[in-house]
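**Student:** Predicted model and sequence follow; I will ask about them next.
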Amino acid sequence: MDLRFTDEEVAFREEVRSFFKENLPEDIRGKLIDGEHIDKDDLVTWTRILNAKGWAVPHWPVEYGGTGWGPMKQYIFLEELQKFPAPAPLAFGVNMVGPVIYTFATEEQKKRFLPRIANLDDWWCQGFSEPGAGSDLASLKTRAVREGDHYVVNGQKTWTTLAQYADWIFCLVRTDPEAKKQQGISFLLIDMKTPGIEVRPIVTIDGGREINEVFLTDVRVPVENLVGEENRGWDYAKFLLGNERTNIARVGISKQRIARIRELAAKEMSGGRPLIEDERFREKLASIEIDLKALEITQLRVVAADAKRGNTGKPDPASSILKIKGSEIQQATTHLLMQVMGPHAMPYQGEEMEGSNEPPIEPDYAASAAPGYFNYRKVSIYGGSNEIQKNIIAKAVLGL
Amino acid sequence: MDFDLSEEQSILKDSLDRLLADKYGFEERKRHMASSDGWSPEMWARYAEMGLMALPFTEEDGGLAGTPVETMIVMESFGRALALEPYFPTVVLGGGFLRIGGNDDQRAEFIPQVAEGALKLAFAHTERNSRYDLNHVETTATKDGGGYVLNGAKSVVLHGDSADKLFVTARTAGGTRDENGVAVFMVDVAADGVSRRGYPTQDGQRAAQVAFDNVKVDSADLFGNAEDGLALVREVVDIGIAALCAEAIGVMSGMHELTVEYLKVRKQFGVPIGQFQALQHKAVDMFVATEQARSMALYAAMMADSDDLDERARAMHAAKAEIGRGGRVVGENAIQLHGGVGMTMEYAVGHYFKRMTMLDVAFGDADHHLRALAAEGGLSAA
């Protein structure tokens, strides 16, 4: 047992850090530090920098552009990326549909889609949830009816993150309404420019415009855009959701936010002295740090077990712990960051301020604190709510 | 990074677990607890045969050169069995004073005795008003010719009633709470002026209150420096905290497994109660707390022999705090999910819960360590 990183891993960490330092545009990093949303161009720029280095899709098989790194190096890369902070590559492409395509799709589909995902030539979004199908995803109703060389798709998807930028959407659609609910589902790739698709924004409680409703009305999708076999889509979706839990703990993001809390709590005053000197505040911060340290080691245990077992494509059910604790800690840090601002968390400087010539209300770093807290309530909901994660552990780990 | 045990470590774990499974069932434990010593001299001899007493000492000193990982393995197994023997005060704490604070003569004289199971030790430090503050020492050591005279009283000396020798902290200089002026002496329990009153603790272990009334000690009984003994105490206590964290993992996983098992067999409303989601989620909360605590016990073991004293102290604060609060989640839920049967002395789960609770109040509870970590600027401010 040796819980230290090897010399090679330490050297790799340095290599990654210095690459970020030399290559990430400073304005993009600044937006992340301030908790602002980065825009489409920022992510495209950064993804192409990574892709030129060969690092856009590290976890993919080497033949499709992966790096061949083991789980530990991948972990180090992601943690450094989050801590730096640098934007994460678009998950819907590189972590979700990409692995489904290289695992289940035809050679033609692989050639067509994978390089464009790695380079963010295609922006992908996820068409899973529906108004009536959330945690009970398999009850989805969007229909796809085969007519000659096309499927005709009708239905509604929701919570579709960044659909406003998307070139493509991967959808779960019902192709056999007679079959038991998991068995009549197929996995379709749909071009967002196809007639009959309408995207309507949903404004979230923080004032943000990340998510959307996507309406599909008589959308004609060529059958060549079916992934794998018809009516096997649920298997591919389960595979995808398993991958989604990779690095869901987001330890690096919480570390970065804790560093930010420390920095700003040294500026904000409380009781005539910097807030960081307040005992109660320090205890709250230390309490989160302890949880985060435990989570980091739990994550490393899962990574080390993966490395040993070899990549089976099946996530360790214990990784549900990472989702539960990771989301709790992310939420605790966003709440504490808001508390750091005190009353200055109040001013709402939303969309209507954009393009205005007025200076921001001081202190400018407080503007994203409360929205960040509001927005991060999502992390215990998406990707399988924490209650669903507990069901998974109860069944798969505890055998209840 | 490698979380696997070496082959030798796996053998150690397997053989100790097998021994405890064979010989340390709940009924046997009850018998040991009711015996005059309150623990089993027979098991003590078996541990010595296995080499457990020699584990942490260097080969030159007659030991097996085990690392904190070996201590972690042993303590976790003891935790799962709820073992009652004085391994922690003798080998972990007492052994710590011997190997870190002992000079050549002291190591040569006492380590072989500990290693063969012939000498039992205890750490007499806590006082009525010290709470968890290691620097708070009212007991005095007054210079007397070539030696010292000790006066004072120590509380909750773990296994102090069965110990042969005590490591006693006493003040040679300075005020009650000064960092300097604390010395560590080894005192024979038979020395004139030492009086002990042994008693059982809440969790069925043993402890004693010990009084020192003009007890003469020789300068050869001094461990480390007469002025600067607190650094030695802090180091030994940090090693002790790492060991208690490991024991807590055994306790937590033991009671979690019992609970999950119970959820599968206990039926109400015609079905096993484990089918109810309200209970499933509590069982998962216990699982998450146990795994998070396990990660921190690993962290504590990794840091227990770190030369970076500041980082080591922060790590122990963090680990003990996480284990204290996680242990409470696991313990209280274990009782709750067992329902009435969890409340009975006849059933094992309550004994796990009581051990876990006492582990929290030993060497600083979760609040104490959280406060200490916060005062030092947290984990990442190093």
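**Tutor:** Structure's in. What do you need? Bear in mind that the values here come from a model prediction, so they are computed numbers and not experimental data.

**Student:** Every contact and neighbour count from this point should use C-alpha atoms.
**Tutor:** Will do.

**Student:** Quick check: phi and psi at residue B:281.
**Tutor:** The main-chain torsion angles of residue B:281 are listed as degrees, to the nearest 10 and equal phi -70, psi -30.

**Student:** likewise residue A:187?
**Tutor:** The main-chain torsion angles of residue A:187 are listed as degrees, to the nearest 10 and equal phi -110, psi 110.

**Student:** Also residue B:107?
**Tutor:** Backbone dihedrals for residue B:107, given as degrees, to the nearest 10, come out at phi -60, psi -40.

**Student:** give the contact list for it.
**Tutor:** Under the criterion of CA atoms under 8 Å, 6 or more residues apart in numbering or on different chains, the contact list for residue B:107 reads B:61, B:98, B:99.

**Student:** Determine the number of other residues adjacent to the second one.
**Tutor:** In other words, residue B:98. Taking other CA atoms under 10 Å in any protein chain shown as the neighbour definition, residue B:98 ends up with a count of 26.

**Student:** Might one say that it is in contact with residue B:111?
**Tutor:** Yes: with contacts counted by CA atoms under 8 Å, residue B:98 reaches residue B:111, the gap being 6.9 Å.

**Student:** Quick check: residue A:393 vs chain B, distance?
**Tutor:** 7 Å (CA to the nearest CA, to the nearest Å).

**Student:** Do I have it right that that residue meets residue A:320?
**Tutor:** Yes: at 6.7 Å, residue A:393 counts as touching residue A:320 under the criterion of CA under 8 Å.

**Student:** interface residues of the stretch 301-400 of chain A facing chain B?
**Tutor:** A:301, A:304, A:321, A:387, A:390, A:391, A:393, A:394, A:398, A:400 (CA under 8 Å from any CA of the partner chain).

**Student:** Confirm that the fourth one lies within a helix, as I assumed.
**Tutor:** Yes: when the secondary structure is assigned by DSSP: H, G, I helix; E, B strand; the rest coil, residue A:387 falls within a helix.

**Student:** contacting residues around it?
**Tutor:** Counted by CA under 8 Å, 6+ apart, residue A:387 has contacts residue B:281.

**Student:** cool, the second one as well?
**Tutor:** Residues in contact with residue A:304 (CA under 8 Å, 6+ apart) are A:71, A:72, B:1, B:2, B:3.

**Student:** Now rank the residues you listed by neighbours and give me the top one.
**Tutor:** Using other CA under 10 Å as the neighbour criterion, residue A:71 leads these with 20 neighbours.

**Student:** That one touches residue A:307, doesn't it?
**Tutor:** Yes: counting by CA under 8 Å, residue A:71 touches residue A:307, with 5.5 Å between them.

**Student:** tally of neighbours for residue A:182?
**Tutor:** Quick note: residue A:182 (other CA under 10 Å) scores 18 neighbours.

**Student:** Chain neighbours aside, what residue packs nearest to it?
**Tutor:** residue A:138 (5.5 Å; CA to CA, 6 or more residues apart in numbering or on different chains).

**Student:** got the contact list for the one you found?
**Tutor:** Taking CA under 8 Å, 6+ apart as the definition of contact, the neighbours of residue A:138 are A:181, A:182, A:234.

**Student:** so residue 378, which of the three states?
**Tutor:** In the absence of a named chain, this looks at chain A. Local secondary structure at residue A:378 is given as helix here, using three-state DSSP.

**Student:** that's the wrong chain, I meant chain B
**Tutor:** coil.

**Student:** Am I right that it is in contact with residue A:285?
**Tutor:** Yes: applying CA under 8 Å, one finds residue B:378 in contact with residue A:285, separated by 7.4 Å.

**Student:** now the helices for chain A?
**Tutor:** A:7-23, A:26-33, A:40-53, A:71-83, A:91, A:98-104, A:107-118, A:233-244, A:251-265, A:279-309, A:319-341, A:369-375, A:386-392 (DSSP state H).

**Student:** Dump these into JSON lines; add mean pLDDT as well.
**Tutor:** Listed next are the helices of chain A as JSON lines, based on pLDDT from 0 to 100:
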{"stretch": "helix A:7-23", "mean pLDDT": "96"}
{"stretch": "helix A:26-33", "mean pLDDT": "94"}
{"stretch": "helix A:40-53", "mean pLDDT": "97"}
{"stretch": "helix A:71-83", "mean pLDDT": "92"}
{"stretch": "helix A:91", "mean pLDDT": "94"}
{"stretch": "helix A:98-104", "mean pLDDT": "97"}
{"stretch": "helix A:107-118", "mean pLDDT": "98"}
{"stretch": "helix A:233-244", "mean pLDDT": "86"}
{"stretch": "helix A:251-265", "mean pLDDT": "96"}
{"stretch": "helix A:279-309", "mean pLDDT": "92"}
{"stretch": "helix A:319-341", "mean pLDDT": "95"}
{"stretch": "helix A:369-375", "mean pLDDT": "95"}
{"stretch": "helix A:386-392", "mean pLDDT": "93"}
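
**Student:** highest average neighbour count across these?
**Tutor:** helix A:319-341 (a mean of 24; mean count of other CA atoms under 10 Å in any protein chain shown).

**Student:** what is the orientation angle of it with helix A:279-309?
**Tutor:** 150 degrees (axes from the mean of the first three to the mean of the last three CA atoms, to 10 degrees).

**Student:** Alpha carbons of helix A:319-341, as CSV, please.
**Tutor:** As requested, C-alpha coordinates have been extracted for helix A:319-341 and formatted as CSV (Å, rounded to 0.1, in the frame of the first residue of the first chain):
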residue,chain,number,x,y,z
SER,A,319,-19.1,5.1,-7.6
SER,A,320,-22.6,6.1,-6.7
ILE,A,321,-21.0,7.3,-3.5
LEU,A,322,-19.0,9.7,-5.6
LYS,A,323,-22.2,11.2,-7.0
ILE,A,324,-23.9,11.6,-3.7
LYS,A,325,-20.9,13.0,-1.7
GLY,A,326,-19.6,15.0,-4.7
SER,A,327,-22.9,16.8,-5.2
GLU,A,328,-23.3,17.4,-1.5
ILE,A,329,-19.9,19.0,-1.3
GLN,A,330,-20.3,21.0,-4.4
GLN,A,331,-23.5,22.4,-3.0
ALA,A,332,-21.9,23.1,0.4
THR,A,333,-19.2,25.1,-1.3
THR,A,334,-21.5,27.2,-3.4
HIS,A,335,-23.6,28.0,-0.4
LEU,A,336,-20.5,29.0,1.6
LEU,A,337,-19.2,31.1,-1.2
MET,A,338,-22.5,33.0,-1.2
GLN,A,339,-22.3,33.4,2.5
VAL,A,340,-18.8,35.0,2.1
MET,A,341,-20.5,37.8,0.2
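
**Student:** Alright, I will stop here.
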